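Novice: Just a sequence and a predicted model for now, questions to come.
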Amino acid sequence: MEITLKTVQEISLFLQKGVLIFEDTDRLEDVGIVTSLDMTEDQAFAIIFQLQEHWKLIPAHFELCSDCKVIYDAHTEGVYVDEDKVYPNSEGGWQFYRHDAGKHFCDSCAERLAIPREEK
């Protein structure tokens, strides 16, 4: 089975709310009652991170946005902020404040949180 962004998002939703999503509704009767684990986005992603880094069951390019808490595919979008580094985008580069160092951002949040061009 290929692990996709949708798969990782479904695992996160299951950990947070106990919800299982199947494309084939006939499979729902095999599930039975699922008790919600009632985790936050950060707690659910901590488990996904262990599945990525420790057990290598999920590819490591899926990240949790530090701001909006959406899981995104870092191969196709987003940024990890290192201090004093400019990140490419369509307008020549994003730059971030020091307090954002060590955080992951999806493209939408990176665009919103980057230092405005006139402040650089």
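Specialist: Right, received. Where do you want to start? Numbering: from 1, shown residues only.
Novice: Next up, the contacts around Lys85.
Specialist: Lys85 is in contact with Gln95, counting by C-beta atoms under 8 Å, 6 or more residues apart in numbering. C-beta here means a position set from N, CA and C on the backbone, and glycine is covered the same way.
Novice: Could you grab the helix/strand/coil label for it?
Specialist: coil (DSSP: H, G, I helix; E, B strand; the rest coil).
Novice: Tell me the spacing between it and Cys106.
Specialist: 18 Å (C-beta to C-beta, to the nearest Å).
Novice: For stretch 94-104, buried residues please.
Specialist: By neighbour count with 16 or more other C-beta atoms under 10 Å, stretch 94-104 contains the buried residues Trp94, Gln95, Phe96, Asp100, Lys103, His104.
Novice: so which of those comes closest to Leu5?
Specialist: Taking C-beta to C-beta as the measure, Leu5 lies nearest His104 of these, at 14.2 Å.
Novice: which residues sit in contact with Val81?
Specialist: Tyr87, Phe96, Asp100, Ala101, Gly102, Lys103, His104, Phe105.
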